[in-house]
Structures are given as structure tokens and as C-alpha cells.
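S.K.: here are the coordinates; sequence isn't available:
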């Protein structure tokens, strides 16, 4: 028997016979309402007390559901105001070696990219060390702006050894997965990558490029990618909007 008590027009329900915890049932239903378009960004949502009252349950599971939805970006909660529907954050799974476009398509999203700059330069110290080059050795510096559903969300600056990627400037890179270019055009088989993740704030340039505010939180990811011969073929610095992204890692013991 389903204990289905509608929560106003949103029709949230609770199945008291399910093994799924109440907070998870609420969380799943709100996610589904957003995905279906029945709830949109900016819509005013119910308070914890209203949801608990209409479902006939205590506030504790509702509070837990709200906490999860808030961490995912789906609920924006400000003191003294009702919750508002936000934009879901994308969780980037670093347990698998995938490029931006691959990861977004895997999640059912629509990625695209635009080349901001491509130039041949001498490797600076950090780049040379990561790619096992000598300082000032020639590298391609490729800066791209990434979009999800037309919204700018990340700027990625890649450094590639010129010796491994001859005539890169002649390739059509707009809208293409860089990993696919590596594998299909240059026949580089990717094996693994090492990432360093930190929190930074958006500069004036970041804000203008990614349509966010100066000082907004960003995720900064420094990544070195290796091929099957254990040769580093790319050193990249990614700056992602923290209001749209979270990082997923796995620890074992």
C-alpha cells in the first residue's frame, strides 16, 4: 500500500512500504520533476515544514533531502526565504579517463566547445616539468571554452608537445573532443591521467568568459595525461564553474 499524500500541485508522495528511505524518495522525485520540466530554474519551492506537513512525516528526512538537493545545486536556500529551484550541478567522475565532451554526453547533456586561442610557444617551467621537456621546448597552447546546453561552464588550457602533434594548427578543433583527435588523428592511445584539484576564485577574465561574477568559486584542475607508453602527452589547466560542477573521487582501504 502506498501512502500517497500530495504535496500541493507537485504531487510528492511517500511509499511507507518501500525500503527506500523517505529522504531518498523525496530527493528522487524532485530530481525527476526538474528533469521533466515540471519544475524550472527560479521556481519557488515548498519549505521543509510544508513538505513535511503535506507528506505527514517529520522534518528530519525532509531536511536531509533538502541538504542533498542543495549540495547538487537543485535547491537554492536563503535565510528567511522559501527555497528556489536552481541548476543541477554536474558531477565529474575522475575514476574514468574521459574528456569533457565524452563525460557530458555520457550524462545525457549537450556539450560544445569553441577554440579561444591556439599558439605555438616555448614551454614554461611547470609545463616543461609535467611533459618531461626542456624549458622553452616548443609546445602548442590550446585554450578552449566549453558549453553545456549553450551555457559557458569551463575554460581549459591544454599544452601539447609540438613534436607529438605536428601541424595541430591545421586541424579543425571547434566542437571536437580533444581525446578523439589524439586517438583518431595522431594515433595516441591514452592510458591514465594524474589530477590535482583546488578551489580558486574567478578573475575578471574568467567572469567575462564564463558569464559568471568576479570572485565566484571555481574548481581548478591541473591534469597530466599519459599514453600507453607512459609518455606525458598533455598538461592541462581547467577552470570550471563551481556552481555547475562537483568532483567525484573514490577512496579505498
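M.R.: Yes, it's here. Not measured: the values here are computed from a predicted model. Numbers count the residues shown, from 1 in each chain.

S.K.: so the residue nearest to residue 34 when sequence neighbours are not counted versus residue 81, what's the distance?
M.R.: Distance criterion C-beta to C-beta, 6 or more residues apart in numbering; nearest residue to residue 34, sequence neighbours excluded, is residue 74 at 6.0 Å. Placement of C-beta: from N, CA and C, glycine included. Distance, residue 74 to residue 81, using C-beta to C-beta, to the nearest Å: 16 Å.

S.K.: re the thing from before, tell me the pLDDT of the residue nearest to residue 34.
M.R.: Residue 74 is assigned 81 on the pLDDT scale.

S.K.: tally of neighbours for it?
M.R.: 23 (other C-beta atoms under 10 Å).

S.K.: how about residue 229?
M.R.: Quick note: residue 229 (other C-beta under 10 Å) scores 9 neighbours.

S.K.: quick one: it from residue 160, how far?
M.R.: 16 Å.

S.K.: same question for residue 54.
M.R.: Taking C-beta to C-beta, one finds residue 54 at 56 Å from residue 160.

S.K.: which residue packs closest to residue 209, ignoring adjacent ones?
M.R.: Using C-beta to C-beta, 6+ apart, the nearest residue to residue 209 is residue 155, at 5.7 Å.

S.K.: backbone dihedrals for the one you found, please?
M.R.: Backbone torsions of residue 155, given as degrees, to the nearest 10, read phi -120, psi 130.

S.K.: and if you look at residue 113?
M.R.: Given degrees, to the nearest 10, the pair of backbone angles that residue 113 has is phi -150, psi 160.

S.K.: all strands of the stretch 101-250 of the chain, in order?
M.R.: 111-122, 138-148, 151-161, 190-201, 217-227, 232-241, 245-248 (DSSP state E, counting those that start in this stretch).

S.K.: where does pLDDT dip in the stretch 51-200 of the chain?
M.R.: Scanning the stretch 51-200 of the chain for pLDDT under 70 picks out 88-98, 103, 106-108.

S.K.: go again using 50 as the cut-off
M.R.: For the stretch 51-200 of the chain, applying pLDDT under 50 flags no range at all.

S.K.: which residues in it form helices?
M.R.: 59-71, 100-106, 125-131, 178-180 (DSSP state H, counting those that start in this stretch).
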